[in-house]
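Sequence first, then the predicted structure, then my questions.
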There are 2 protein chains.
Amino acid sequence: MRDVATMAGVGIATVSRVVNGKPVTPDLAERVKRAAELLGYRQDLTASSLRRADRRTHTLGLVLEDAANPFSAALHRAVEDAAAEHGMLLLAGSTDEDPVRERGLLKTFAARRVDGLIVVPTGQNDTDLDAARRAGTPVVCMDRRTTAPQVDAVTVDNRAGVQAAVKRLHAAGHRRIAFLGDLRTIWTAEERYAGFVKGLAEAGCVLHRSLVRRDLHGVEAAQEATRELLALAHAPTAFISGQNLLTVGARMALQELRLQHRVALIGFDDLPLAGLLEPGISVIAQDHAAIGREAAGLLFDRLDGERGPARHRVLPTRYLARGSGEIPAAEDR
Amino acid sequence: MRDVATMAGVGIATVSRVVNGKPVTPDLAERVKRAAELLGYRQDLTASSLRRADRRTHTLGLVLEDAANPFSAALHRAVEDAAAEHGMLLLAGSTDEDPVRERGLLKTFAARRVDGLIVVPTGQNDTDLDAARRAGTPVVCMDRRTTAPQVDAVTVDNRAGVQAAVKRLHAAGHRRIAFLGDLRTIWTAEERYAGFVKGLAEAGCVLHRSLVRRDLHGVEAAQEATRELLALAHAPTAFISGQNLLTVGARMALQELRLQHRVALIGFDDLPLAGLLEPGISVIAQDHAAIGREAAGLLFDRLDGERGPARHRVLPTRYLARGSGEIPAAEDR
DNA sequence: TTGAAAGCGCTACCAG
DNA sequence: CTGGTAGCGCTTTCAA
């Protein structure tokens, strides 16, 4: 920049003004631009934000469960688009539900002075989230809640979604409904299970503890659990799966045993291609784009100075009937 | 940091040494740490990299086609893991195949002084990639090649993959094979088409221009094209689809017409759940993790000082027979 | 081993 | 409107 100033025969401050589009005599501006071009000048945003009064880096930190999971990917893209509208870029990282990794990400994001954080929290690090916020970095939780104060969250109505699904299954005659749940440390896993319990209770249906399998993580765990449940003397006639990979595992087990047309299955969160299966997988779908957009919105509020207590936006789920959730209970069994 | 120094009664340089783990008398180090703790000191990596001799930001720029696409997501995660091993973080953005967006991303990544770039290039910005490299930022292309010099690339053997698929279909009696291709600006789309042409030629099979549909982008375009092809007087008995979303669209059209068991389909790139469909979708699969890992490896080489000409790593594809590619040609038609 | 001081590239302030 | 100058938080000489 100094070189550009020298070459253009102007002060260094003028170059800065030109680069930042502040009012400068056209003649000078032209000279500066030419010099910048000739010298191959490249603006340095890191130095700029260091000196700038607001110290903004125009960077957001995004903490996901696993960037490779289609669910996380959809959130990522939604946040990216919202961020781009505000001229912000995303630093992203995956936790794999490991609080140590989460902590590491939060720390390095903080050290890089991100303007804000959007986090899918593991649920075992609430103090770190609070610490980040106290240090001046607004934090918004996405997909899950947290207990940290002044940390906003946007989630879907997990309980209501599962509850409605249970009612449907009950109405179709199912009395032995199994539940597959993700790690109990995950907020949504607990919420969805709560919805399951509530749904059964409202339907006046018995909750068979032997048909509940929680703390399952990943396709294979669900597949194995489903196999085991189906081998039971009084096997379930329907399954509710609390996460997308678990749904895949459950369906794989069902197809292994050629039971996909006889045993009902409703999954939480949609899957690509779910509609092309025979029968299609019925799901409790969430609007990923809306979740990400809303989370970004809450964050930008905070960046604009909002100082109130934690806000919690709850988005509705939508049931997509594709067949697997519409299988009636077999007469006997 | 100055405050910490004052409080600990040491020089500011000593605090820097402690923070960076350089040798300091244990007694002093202890005092510094305590002061830092008390004052809630948080390291500022942006300022640090500004002053540091190597000027490294420990940040990589990742330019994807669409962060929400499972393919991009898998690459993202693979690169993230490799980056994390080297203590690097990822700035990521999507181009949607728009060279203007790509250019914008490259520019802002450069302004943020990323240490290196891993790019899935739109193919319409090769000069910008070269410009980045000339400015001192090593660039590696992932999934696609580029003509820019000294820009490494890691791709799969697209031609060989499609070629082998064509041969399989031909051996199964297919003589009217359709091809669905993505935007022709995309390098892989052209390569895959080249493989299609070569495969037909080697099999001594006629290339029916009317069965080739290129420049398709997204599920719906492929669905519509597939419908049209199937409505032809001499409809194809088999389809090869050159991209994952196109495969989905093709399969949707096939199922609409209940032809999924009669018309063969082979897709390029695997899809989640593809194995659960009836029939399963046979695909030419690529190892996303390997692609990402390899790309990161090439980049770290460059960061370690490698100055040679562009290197191009070609990874093999693997054919996954799941049924849809094993459907023989109907006797008549 | 330590501390003082210079300065990374930039913006903010102030005097002209 | 413009240029000089101070200084963002840090690392790196360099001398003690």
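Thanks, I have the structure now.

low pLDDT regions in the stretch 51-200 of chain A?
Counting by pLDDT under 70, the stretch 51-200 of chain A contains no low-confidence range.

Which positions in it make contact with DNA strand C?
The stretch 51-200 of chain A has residues A:51-54 near DNA strand C, with proximity defined as CB under 7 Å from any atom of the strand. In this view, the C-beta of every residue, glycine as well, is placed from N, C-alpha and C.

tell me which of those residues is nearest to DNA strand D?
Closest to DNA strand D out of those is A:Arg51 (3.2 Å), distances taken as CB to the nearest atom of the strand.

Excluding covalently adjacent residues, which one is nearest to the residue of chain A found nearest DNA strand C?
Closest residue of chain A to DNA strand C, CB to the nearest atom of the strand: A:Met1 (2.5 Å). In space, A:Met1 comes closest to A:Val15 once its chain neighbours are excluded; the distance is 5.4 Å by CB to CB, 6 or more residues apart in numbering or on different chains.

circling back: buried ones among the residues of the stretch 51-200 of chain A next to DNA strand C?
Taking 16 or more other CB atoms under 10 Å in any protein chain shown as the criterion, nothing in those is buried.

Which ones among the residues you listed also lie next to DNA strand D?
By CB under 7 Å from any atom of the strand, the members of these lying near DNA strand D are A:Arg51.

For the stretch 1-150 of chain A, which residues are neighbours of DNA strand D?
Residues of the stretch 1-150 of chain A lying close to DNA strand D by CB under 7 Å from any atom of the strand are A:9-14, A:17, A:23-25, A:27-28, A:47, A:50-51.

For these, name the two members farthest from one another.
Pairwise distances across these peak at 30.7 Å for A:Asp27 and A:Leu50 (criterion: CB to CB).

Compare those two (neighbour count), which wins?
Neighbour count, other CB atoms under 10 Å in any protein chain shown: between A:Asp27 and A:Leu50, A:Leu50 has more, with 16 against 8.

Where does the more buried one sit, in terms of helix or strand?
Using DSSP states H and E, A:Leu50 sits within helix A:45-51.

next structured bit after that helix?
Counting by DSSP H and E, what follows helix A:45-51 is strand A:59-64.

Summarise which helices and strands that following strand is packed against.
Applying 3 or more CB pairs under 8 Å, 6 or more residues apart in numbering or on different chains; DSSP states H and E, we find strand A:59-64 packed against helix A:70-85, strand A:89-94, helix A:99-111, strand A:116-119.

quick one: the residue of chain A closest to DNA strand C from B:Asp115, how far?
21 Å (CB to CB, to the nearest Å).

what does A:Arg77 give?
Taking CB to CB as the measure, A:Arg77 falls 24 Å from B:Asp115.

cool, A:Ala36 as well?
With CB to CB as the criterion, A:Ala36 and B:Asp115 are 23 Å apart.

now the helices: where do they sit in the stretch 101-250 of chain A?
A:126-134, A:158-171, A:187-203, A:219-230, A:244-256 (DSSP state H, counting those that start in this stretch).

quick one: which of those helices is nearest chain B?
Closest approach to chain B among these is made by helix A:244-256 (5.9 Å; CB to the nearest CB).

angle of the helix or strand just after that closest one against helix A:244-256?
Per DSSP H and E, the first helix or strand lying C-terminal to helix A:244-256 is strand A:264-268. Counting by axes from the mean of the first three to the mean of the last three CA atoms, to 10 degrees, strand A:264-268 points 160 degrees away from the direction of helix A:244-256.

Would you mind pulling up the elements that strand A:264-268 packs against?
Here strand A:264-268 touches helix A:158-171, strand A:238-241, helix A:244-256, strand A:282-285, going by 3+ CB pairs under 8 Å, 6+ apart.

With respect to A:Phe179, which of these lies nearest?
When the helices and strands packed on strand A:264-268 are compared by CB to CB, strand A:238-241 sits nearest A:Phe179, at 5.2 Å.

Sheet partners, orientation included, of that closest one?
Sheet partners assigned to strand A:238-241 using DSSP bridges are listed as strand A:177-180 (parallel), strand A:264-268 (parallel).

Name the surrounding residues that touch the last one.
In this case it means strand A:264-268. Around strand A:264-268, the neighbours that count as contacts under CB atoms under 8 Å, 6 or more residues apart in numbering or on different chains are A:158, A:161-162, A:165, A:168-169, A:172, A:174, A:192, A:237-244, A:246-247, A:250-251, A:254, A:274, A:281-284, A:324-329.

I figured A:Pro236 was touching A:Arg175, is that so?
No - the pair A:Pro236 / A:Arg175 is not scored as a contact, 9.4 Å apart, by CB atoms under 8 Å.

Compare neighbour counts for the two and give me the winner.
Applying other CB under 10 Å to A:Pro236 and A:Arg175 shows that A:Pro236 carries more neighbours, namely 23 against 17.

residues in contact with the more buried one?
Listed by CB under 8 Å, 6+ apart, the contact partners of A:Pro236 are A:176-178, A:208, A:211, A:229-230, A:263.

Determine which two of those residues are furthest apart.
A:His208 and A:Val263 (15.1 Å).

quick one on the thing from earlier: so which of A:Met1 and B:Asp115 has more stuff around it?
B:Asp115 (23 against 18).

ok so, going back, quick one: closest of the helices and strands packed on strand A:264-268 to A:Thr188.
That would be helix A:158-171 among the helices and strands packed on strand A:264-268, by CB to CB, at 5.4 Å.

and the angle for that closest one with strand A:264-268?
Per the same axes, to 10 degrees, the angle that helix A:158-171 makes with strand A:264-268 is 170 degrees.

So what touches helix A:158-171?
A:177, A:188, A:191-196, A:198-200, A:202-203, A:205, A:238, A:240, A:242, A:264, A:266, A:268, A:284, A:286, A:316-317, A:319, A:325.

of the residues you listed, buried ones?
A:177, A:188, A:191-193, A:195-196, A:199-200, A:203, A:205, A:238, A:240, A:242, A:264, A:266, A:268, A:284, A:286, A:317, A:325.

isn't A:Thr127 right next to A:Ala148, touching?
Yes - assessed by CB under 8 Å, A:Thr127 is found in contact with A:Ala148 at 7.5 Å.
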